[in-house]
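1. Predicted model and sequence below, questions to follow.
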Amino acid sequence: MARKNDEIKDFYDRSYKKLFSHKGFVKHLLQGFVRLKWVERVDFDKITLEPVSFIDRLFKKKEADIIWKLPLKQGSEVYLYLLLEFQSAVDKTMALRFASYILNFYAERIAKEKNKRLPVVFPLLLYNGKQRWNAARSLQEMIELVDPSLREYLIRFKYFAIDIGSFSKRSLIKLRNNLVSAIFLLENARNENELDSVLKEIVEIVKSEMDKELLARFGDWFEMLFKRTTKAEVNFEEIISEGSEYTMIVETLIEMRKKWENKGLQRGMREGMEKGKEKWLREGIQKGIQKGRLEAIMVTATRLLNEGFEVDFIAKVTGLPKEKIEKLKKDLD
């Protein structure tokens, strides 16, 4: 199971890194899901991807998350540190972990540009787990404040979290012309009716996008998702072409969900059978004990009858019904 989870996480890491290594998806993500004033000041035509990979000293883990340099229209710049989190469980230490990554990023900057002031880094978490994100979003929340006079000396760090599963279908549909909302819609679809309506929305969103390179990147992700989950070959261009029907893709999505559901059902049946074996064994032992006791009682009743004792006396001693003892007596005669 652990290996399977690692494979799923690796798939999401690779596919999402490919998506958000394109400036168009970063623009859609920030404009659609980060409602802060500074985003309006970003000159998205001039943003650049920063190559970064380092060993985190605290967590002993190699990280290669996405960092973008975002020039502002009035000068200066902000760095976007996009951390992809596709674990099955919420990491309660995220604030500490994320702060560690930012500090390592700053250490790397100081080593390269010793006499320059450090830039602003916006820490953005993109999370796609089933459980809603409920970890502390600031480092201060993790620290026990023993006295109010110490408050100003606490390390101040806070990250911005986007929990994909927390968005309603309605809120995502409202974000027209946003390919990231199309991705989230597909991720959150959980049944046949949702899949049908979601695909309609996705087709409309995609058809409104004019950036061919952005569409190609989205199409690659879309086809990769289907190939991995259903082994089916899907032609994204045919799906979104004018006059095309999306029945085939809806059916493929439904089939994909059915496979996931069947896997869950089969797993549940296996677990149920294992539990059933234990139950059957316990019941069998109990029945065996009961059967053994009954056979011993019947032997005692038979001996008492052979010794000439009355039926009423034998019923009182053994606890057997009189009718059963009468039948046993008849069989002995």
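-> Received it, and whenever you're ready, just let me know what you need.
2. so who does the residue nearest in space to the middle of the chain touch?
-> The residue lying closest to the centre of the chain (CA atoms, centre = their mean) is residue 129, at 2.7 Å. Under the criterion of CB atoms under 8 Å, 6 or more residues apart in numbering, the neighbours of residue 129 are 85, 86, 87, 88, 89, 90, 165. Any C-beta I mention is one placed from the backbone N, CA and C, and that applies to glycine too.
3. my guess is the second one contacts residue 128, does it?
-> Yes. With contacts defined as CB atoms under 8 Å, residue 86 counts as touching residue 128 at a distance of 5.1 Å.
4. Quick check: of the contacts of residue 129, which has the highest neighbour count?
-> Greatest neighbour count in the contacts of residue 129, by other CB atoms under 10 Å, goes to residue 85: 23 neighbours.
5. Disregarding flanking residues, what is the spatial nearest neighbour of it?
-> Counting by CB to CB, 6 or more residues apart in numbering, residue 127 is the residue found nearest to residue 85 once chain neighbours are left out, at 4.6 Å.
6. May I ask which helix or strand encompasses residue 71?
-> Element membership for residue 71 (DSSP states H and E) is strand 66-71.
7. Quick one: list the elements packing against that strand.
-> In terms of contacts (3 or more CB pairs under 8 Å, 6 or more residues apart in numbering; DSSP states H and E), strand 66-71 is packed against strand 48-50, strand 77-85.
8. can you redo those as a markdown table with mean pLDDT and distance to residue 30?
-> Shown next, in a markdown table, are the helices and strands packed on strand 66-71 (pLDDT from 0 to 100; distance: least, CB to CB, whole Å):
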| stretch | mean pLDDT | distance to residue 30 |
| --- | --- | --- |
| strand 48-50 | 93 | 14 |
| strand 77-85 | 93 | 8 |
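9. which of the ones you listed sits most buried?
-> Of all the helices and strands packed on strand 66-71, strand 77-85 carries the top mean neighbour count, a mean of 20, counting by mean count of other CB atoms under 10 Å.
10. Quick one: list the elements packing against that strand.
-> Applying 3+ CB pairs under 8 Å, 6+ apart, we find strand 77-85 packed against helix 2-19, helix 23-33, strand 66-71, helix 94-112, strand 120-127.
11. Residue 95 touches residue 141, doesn't it?
-> Yes. Using CB under 8 Å, residue 95 is in contact with residue 141, at 6.9 Å.
12. picking up where we left off before, need the residues that contact the strand holding residue 71.
-> By CB under 8 Å, 6+ apart, the residues outside strand 66-71 that reach it are 17, 20-21, 23, 26, 42-44, 46-50, 52, 77-82, 84, 105.
13. Could I get the full set of helices for this protein?
-> Remark: helices assigned in the chain by DSSP state H are 2-19, 23-33, 37-40, 94-112, 169-174, 179-188, 192-208, 212-230, 236-240, 247-306, 311-318, 322-332.
14. mean pLDDT for these: which is lowest?
-> Note on those: lowest mean pLDDT is at helix 247-306, with a mean of 59.
15. how close does residue 29 sit to residue 80?
-> 9 Å (CB to CB, to the nearest Å).
16. brain fart, residue 106
-> 15 Å.
17. Same check on residue 98?
-> 13 Å.
18. Name the residue in residue 95 and residue 141 with the higher neighbour count.
-> Ranked by neighbour count (other CB under 10 Å), residue 95 and residue 141 place residue 95 first, with 24 against 10.
19. per-domain residue ranges of the protein.
-> The chain breaks down into these domains under automatic domain parsing: 1-166, 269-332.
20. Check the offset of the first one from the chain's centre.
-> The chain centroid and the centroid of domain 1-166 are separated by 19 Å, computed with CA atoms, centre = their mean, to the nearest Å.
21. thinking again about what came up before, pull up the pairing partners for the strand holding residue 71, direction included.
-> strand 48-50 (antiparallel), strand 77-85 (antiparallel) (DSSP bridges).
22. still on that earlier bit, minimum distance to residue 223: which of the helices and strands packed on strand 77-85 has it?
-> Comparing the helices and strands packed on strand 77-85 by their distance to residue 223 (CB to CB), the top pick is helix 2-19, with 10.6 Å.
23. From residue 330, how far out is the nearest residue to residue 300 once chain neighbours are set aside?
-> Leaving aside its sequence neighbours, residue 300 sits nearest to residue 318 (CB to CB, 6+ apart; 5.9 Å). Distance of residue 318 to residue 330, given as CB to CB: 17 Å.
24. With residue 298 instead?
-> In terms of CB to CB, residue 298 sits 14 Å off from residue 330.
25. More neighbours: those two, which one.
-> Remark: of residue 298 and residue 330, residue 298 carries more neighbours, 15 against 8, as counted by other CB under 10 Å.
26. Please name the residues that touch that one.
-> With contact taken as CB under 8 Å, 6+ apart, residue 298 is in contact with 320, 328.
27. circling back to that earlier point, run a quick neighbour tally on the residue nearest to residue 300.
-> By other CB under 10 Å, neighbour count at residue 318 equals 16.
28. now residue 170
-> Residue 170: 7 surrounding residues under other CB under 10 Å.
29. how close does it sit to residue 82?
-> Separation of residue 170 from residue 82 (CB to CB): 26 Å.
30. With residue 195 instead?
-> Applying CB to CB, one obtains 28 Å for the distance of residue 195 from residue 82.
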